[in-house]
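Enquirer: All I have is the shape, not the residue letters:
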């Protein structure tokens, strides 16, 4: 345990705590984004750069932006004359049967038990990790994390894409409130004109890099989504959002994944398997389709586009 | 020699493709109804259901000879490296149940939704994705994969709850979402602890590892406790049932049917599997007793609240709270070396099937009556016998199974429970089972009685409803009400002893 | 042995914070935020409990699980945020009925 880790840990707890206790949800969201970015740093410290990328792009970026967007909507509609004093904590006493102190004590007790448990567990390498190392050459994928995500445990990834799609379909019941037309900001447009193509390049790089080092479809998809949203906010003449968030595009990733999983699987002898020698191109194809779908899904979840 | 080998290989290959298809095919159909124009939707869904029925029939046929479960290692990677799907008799029963309920609900929904309604467009893809998630939950033998499957089911269910987009639906969906998310995190925490302790995510490795270690580490109990709270919350076992009434009572009828019949059951099934895995290594007698007591309280509390409801669907929703209590009762006897363990397992399965069929039938029938009266109030049931005789018949038959009268499936379930209690020498539970029957009868009769009263004069006649709606409800209700005749065969087929630990007899 | 990893108590504390937030916060958005904090704590525990490989790289299975978990969490959060926005638009409320404070009397 060295000083840097200690500082990081304390900062992490401080940011989380202040985000949860912040007076306004907008402040809480900003603190949450900072928390996520710091957490990404911690992932790097712990030797998990893939997770760091995903955390920064999705965990901090997308989640934080979603919360901030909603928070600003809620604040702007606050009924005039709200009590300036307000409750000291953002958690006024709720009605009904839930006494706060009992829950706090219960949670504290559970956390203490949890801490004791994790301290008691002897870390062992374990059958799964050793199996990954042994079977990596046979999977024909160079990067272990990619191998786990798209070969050994591809089924998890497939279901997870289905979860994303379910979220997109489900939000159609709740159309997003119309966004105020943004005044055209020439500075932002200038910056976006450079940043958006750059972001697209980064996304493609992440996609390509994922086969041999950290990267992959999720991180690339998140960057892609960021690029599309930036283009919209900057009112760039290209409006990819409405074209991107149509059902066929959203469904593309899962559809291709299942198709390859079944066809290549039939050839290989088991669903979601790849015949030898074809692994690299098939995985790249799946990841590319996933990147587009994930990017489109994240954009659609933000909502507010003309077709949403 | 080579012929036998190739035969074995093709068999293994079929299994390796067959089981994943049970999850992948509903996803494909869901994608199809989402991305393709509406005209193709109905035909695609009929095709989809038939194909899925064929797949399930194949599974049954393959496993008819022996109760040895079918296994499929996805990607060809065996556990603990990869994820395995396992289809034992328990999973098969759930697959078949889901098929039957879905067939009825999908047919019903076709006629229920106004043509071209926006809510319907969201219903179809969500319903099929939910089906995929349910099947994934039945078949998975991997801890983290179970978490992902539960998430798929959970978010699809929330989406279905919010279907109409109205304020009440949104509130119910949000409450459901938050409860589900808390439960998911608790489950994930348990998975983390178990993975850290055993180094593997395979379901059957837990038992093996715990046995090998000697004295079971106490944090295994913590993991089980987390799993219990998580899945009790998802199954709405009182006192963690707060999210259910609004969600089931306010949703559109086909959604209420799916939620109460199937979504509540998959989390129970997963809990059952984990219980069976942990039981040899931990002393679960006290926990089993606690679950049974909570179940008892739930069945009282739910029934009492059902008696006080003024809206039909809310009454049926509270009835689910009560019936879930019954699902947890047999855990008191589901112990290794315990007498009556096999009976307790049979009772749980029979009750699962009975409640799913009866509750779905009830919601579908109630939906018809609500449409016919134009209102959700119980008083609007007056005269329902004359107006909608088929729907009323369905409601009655479903009620028969819910109360537990012979020859219903519900009766068979309660009978097994009583036998298990007697065998385990715990006859006080018998009193409770009989008392619960009376309470259930009370709220069921409350509903049925109103239907015989004459229609109030101020009643505006509405356009006649398609018969198909009532027939779907009736089909499920008949299965529930007459299922008792097949219960013995079902128990034999289930071969409960093979699912339990070695050395457990009936 | 380098001693106890500091990330174990950190992760546990984050789980505690998130849990308390989900149970006690009144606004829906805060509950969703707390859900994410709790999830982050659980992921941190996962990685902290897995010994790193010989080259200092963390357990790839654990990394894959966390990435999957992050994506699932965003799907759930996005659904929740959208439902909350629509609910607010229709009803003017940012909290569920049972969480609203007893009538604020002036």
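Expert: Thanks, I have it. Predicted model only: the values in this text are computed from it and were never measured. Numbers count the residues shown, from 1 in each chain, chains lettered A, B, ... in the order given.

Enquirer: Name the helix or strand of the chain that has the lowest mean pLDDT.
Expert: I went with chain A, as the question did not name one. helix A:240-244 (a mean of 66; mean pLDDT, DSSP states H and E).

Enquirer: Next secondary structure after it?
Expert: helix A:247-268 (DSSP states H and E).

Enquirer: The helix or strand that that following helix is followed by - contacts with which helices or strands?
Expert: Next helix or strand after helix A:247-268 toward the C-terminus (DSSP H and E): helix A:279-302. Using 3 or more Cβ pairs under 8 Å, 6 or more residues apart in numbering or on different chains; DSSP states H and E, the elements in contact with helix A:279-302 are helix A:63-76, helix A:154-170, helix A:186-209, helix A:217-233, helix A:240-244, helix A:247-268, helix C:60-91. Just so you know, the C-beta spots here come from the backbone N, C-alpha and C atoms, and that holds for glycine as well.

Enquirer: Please repeat the previous calculation with a cut-off of 6 Å.
Expert: Counting contacts by 3 or more Cβ pairs under 6 Å, 6 or more residues apart in numbering or on different chains; DSSP states H and E, helix A:279-302 is packed against helix A:154-170, helix A:217-233, helix A:240-244, helix A:247-268.

Enquirer: What mean pLDDT does it get?
Expert: Averaged across helix A:279-302, pLDDT comes to 89.

Enquirer: contacting residues around it?
Expert: Helix A:279-302 is contacted from outside by A:62, A:140, A:150, A:164, A:168, A:207, A:217, A:220-221, A:224-225, A:228, A:241, A:244-245, A:249-250, A:252-253, A:256-257, A:260, A:264, A:274, C:78, using Cβ atoms under 6 Å, 6 or more residues apart in numbering or on different chains.

Enquirer: What's the PyMOL line that selects buried ones from these?
Expert: Applying 16 or more other Cβ atoms under 10 Å in any protein chain shown to the contacts of helix A:279-302, the buried members can be selected in PyMOL as follows:
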select buried, (chain A and resi 62+140+150+164+168+207+217+220+221+224+225+228+241+244+245+249+250+252+253+256+257+260+264+274) or (chain C and resi 78)
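
Enquirer: Averaged over its residues, which helix or strand of chain B has the lowest pLDDT?
Expert: Result, chain B / mean pLDDT, DSSP H and E: helix B:496-499, a mean of 76.

Enquirer: how about the host helix or strand of residue B:58: buried residues?
Expert: Using DSSP H and E, residue B:58 falls within helix B:38-62. By 16+ other Cβ under 10 Å, the buried positions in helix B:38-62 come out as B:41, B:44-45, B:48-49, B:52, B:55-56, B:59.

Enquirer: domain assignment for chain A?
Expert: A:1-73, A:141-308 (automatic domain parsing).

Enquirer: okay, now residue C:85: neighbour count?
Expert: By the criterion of other Cβ atoms under 10 Å in any protein chain shown, residue C:85 has 26 neighbours.

Enquirer: How about it, nearest residue that isn't a chain neighbour?
Expert: Counting by Cβ to Cβ, 6 or more residues apart in numbering or on different chains, residue C:85 lies nearest to residue A:70, which is 5.2 Å off, once chain neighbours are set aside.

Enquirer: need the contact list for that neighbour.
Expert: Counted by Cβ under 6 Å, 6+ apart, residue A:70 has contacts C:29, C:81, C:85.
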